[in-house]
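> pasting the sequence and the predicted model now:
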Amino acid sequence: MKNFKTKLGVVVGTAVIGMGVIALPAMANTSSNGSWFTRMHTLMNQTFTPAQQEQFMSSPAMQQLHDSSAMQQAMQDQNYGEMQSLMNSDQTLKKEIGAQNVGKMNQMMGQLQGNNQSGN
């Protein structure tokens, strides 16, 4: 039972951290194709394994970047270029989760930006 509670805590904690990556105000912006939060979540699931997502989202550098006022504003404004710029300029983030993974996140941001501009 204790092991189950520990596993449940890890799953719930991971979900909470994952939700924290995307600003809550961004979820309110919906369209006929769903919110950009939903599209981001879908791309994350297509690009990274659950274990990778947990590793990235629990990274202190990712949490610090997410909580920064600049990233919060970029997410609220759905300014994907600014989000990419903030990720690319964060050397600690690149070191903690790997530059290749930051690159994959940049590709996702590019896809989201393209979808947003085309109305998808």
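Yep, that arrived.

> so, low pLDDT: which residues of this protein?
Within the chain, the segments meeting pLDDT under 70 span 1-34, 36, 115-120.

> so which residues of this structure form helices?
Ranges of helices in the chain, per DSSP state H, are 2-20, 24-27, 36-47, 50-57, 60-67, 69-77, 80-89, 91-97, 99-118.

> JSON lines for the ones you listed, including mean neighbour count?
C-beta coordinates here come from the backbone N, C-alpha and C atoms, glycine included. Formatted as JSON lines, the helices of the chain follow (neighbours: other CB atoms under 10 Å):
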{"stretch": "helix 2-20", "mean neighbour count": "11"}
{"stretch": "helix 24-27", "mean neighbour count": "14"}
{"stretch": "helix 36-47", "mean neighbour count": "16"}
{"stretch": "helix 50-57", "mean neighbour count": "17"}
{"stretch": "helix 60-67", "mean neighbour count": "16"}
{"stretch": "helix 69-77", "mean neighbour count": "16"}
{"stretch": "helix 80-89", "mean neighbour count": "17"}
{"stretch": "helix 91-97", "mean neighbour count": "16"}
{"stretch": "helix 99-118", "mean neighbour count": "15"}
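
> which residues are in contact with the closest residue to Lys104 other than its chain neighbours?
Leaving aside its chain neighbours, Lys104 sits nearest to Thr47 (5.5 Å; criterion: CB to CB, 6 or more residues apart in numbering). Thr47 makes contact with Lys104, Gln107, Met108, according to CB atoms under 8 Å, 6 or more residues apart in numbering.

> the residue nearest to the last one when sequence neighbours are not counted and Gln91, how far apart?
For Met108, the nearest residue in space outside its immediate sequence neighbours is Leu43; the separation is 4.4 Å by CB to CB, 6+ apart. When distances are taken as CB to CB, to the nearest Å, Leu43 and Gln91 turn out to be 24 Å apart.

> got it, and Met40?
23 Å.

> do Asn79 as well
Remark: distance between Asn79 and Gln91 (CB to CB) = 21 Å.
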